[in-house]
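Peer 1: Fold the following.
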Amino acid sequence: MDARRSREQLLEKLHGNAGIGTPVAGTNALACYQQLYALYFSDQEYLEAATVAYSLYSALDRSVRHSGEALPATSFAVVPVLEQQRAALLMLISALTLTPEQQLLMPGPTKPSFCAIESDDPAALQSWFQEAAECTRRAQVSLHEAQAMLLELDAKCRYGCRMVRQSRAFNGAMTISSLTRVVNQKDPSGAPE
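Peer 2: From the prediction side, this is the model:
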């Protein structure tokens with residue numbers, strides 16, 4: 001078996017295992033994402049490396065969103081996930097910086113339905129184009145957007161760590177949803193309202 005075929009099999013196996021479970025510290029899924037990124041990056045396949053990094057970020061984001069109110073933002077469980085998301089964004093930024101396009105197009109989870117095109121109704125046709133534009137916007141991540149996502153996540157990490165310390169002092173509780181609301185309501189100076 002030649003080296004190229006062995007590499008393809010390894011990449012296929014790593015991609016399959018990366019999708020199993022939530023990629024948090026100590027899991028096989030996280031190790032697979034990290035190995036995929038390292039293999040692509042070392043072979044100067046920066047768009048593939050960026051795709052892996054963004055997929056890791058998205059998997060962690062889905063995990064946090066799925067847990068919703070059940071996962072307290074003041075627990076030690078949240079801070080490592082936010083830090084892992086931060087690491088994924090740094091990986092994404094590193095890879096995008098080295099691509100000429102400095103943007104990544106990811107397949108979106110949804111596609112516009114084509115039934116609107118068959119209609120003679122101009123409103124239905126316009127609605128289809130708006131839906132298609134929204135799907136495309138969700139699928140594109142530029143270097144600038146990744147940097148902005150990192151700044152927002154850094155604010156969440158700082159606030160989350162501060163809230164962990166305060167919750168111990170006051171025995172209070174805050175959830176991921178309320179943490180996100182507070183961070184999104186920050187004033188321009190960077191201090192929470």
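
Peer 1: for the chain, which spans come out with low pLDDT?
Peer 2: Applying pLDDT under 70 to the chain flags residues 1, 66-78, 107-121, 124-139, 160-161, 163-193.

Peer 1: which stretch of helix or strand covers His15?
Peer 2: In the assignment (DSSP states H and E), His15 maps to helix 3-18.

Peer 1: Can you show me the CA trace of that helix as PDB?
Peer 2: Extracted C-alpha coordinates of helix 3-18, given in PDB (Å, rounded to 0.1, in the frame of the first residue of the first chain):
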ATOM      1  CA  ALA A   3       1.800   6.300   1.400                       C
ATOM      2  CA  ARG A   4      -0.900   8.300  -0.300                       C
ATOM      3  CA  ARG A   5      -3.500   5.600   0.200                       C
ATOM      4  CA  SER A   6      -2.400   5.100   3.800                       C
ATOM      5  CA  ARG A   7      -2.800   8.900   4.400                       C
ATOM      6  CA  GLU A   8      -6.300   8.900   2.900                       C
ATOM      7  CA  GLN A   9      -7.400   6.000   5.100                       C
ATOM      8  CA  LEU A  10      -6.000   7.700   8.200                       C
ATOM      9  CA  LEU A  11      -7.700  11.000   7.300                       C
ATOM     10  CA  GLU A  12     -11.000   9.100   6.600                       C
ATOM     11  CA  LYS A  13     -10.800   7.300  10.000                       C
ATOM     12  CA  LEU A  14      -9.900  10.500  11.800                       C
ATOM     13  CA  HIS A  15     -12.800  12.400  10.200                       C
ATOM     14  CA  GLY A  16     -15.200   9.600  11.200                       C
ATOM     15  CA  ASN A  17     -14.000   9.500  14.800                       C
ATOM     16  CA  ALA A  18     -14.000  13.300  15.200                       C
END
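
Peer 1: helices or strands up against the following helix or strand past that helix?
Peer 2: Next helix or strand after helix 3-18 toward the C-terminus (DSSP H and E): helix 28-42. Helices and strands touching helix 28-42, by 3 or more C-beta pairs under 8 Å, 6 or more residues apart in numbering; DSSP states H and E, are helix 3-18, helix 46-67, helix 78-97. Glycine gets a C-beta too; all of them are placed from N, C-alpha and C.

Peer 1: got a markdown table for the ones you listed, with distance to Leu150 too?
Peer 2: As requested, these are exported to a markdown table (distance: least, C-beta to C-beta, whole Å):
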| stretch | distance to Leu150 |
| --- | --- |
| helix 3-18 | 22 |
| helix 46-67 | 10 |
| helix 78-97 | 4 |
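
Peer 1: Which among these is found nearest to Arg162?
Peer 2: helix 78-97 (10.7 Å; C-beta to C-beta).

Peer 1: Show me what that closest one packs onto, helices and strands only.
Peer 2: helix 28-42, helix 46-67, strand 103-105, strand 140-142, helix 143-170.

Peer 1: one more time with 10 Å, if that's ok
Peer 2: helix 28-42, helix 46-67, strand 103-105, strand 140-142, helix 143-170, helix 176-184 (3 or more C-beta pairs under 10 Å, 6 or more residues apart in numbering; DSSP states H and E).

Peer 1: Nothing else from me, thank you.
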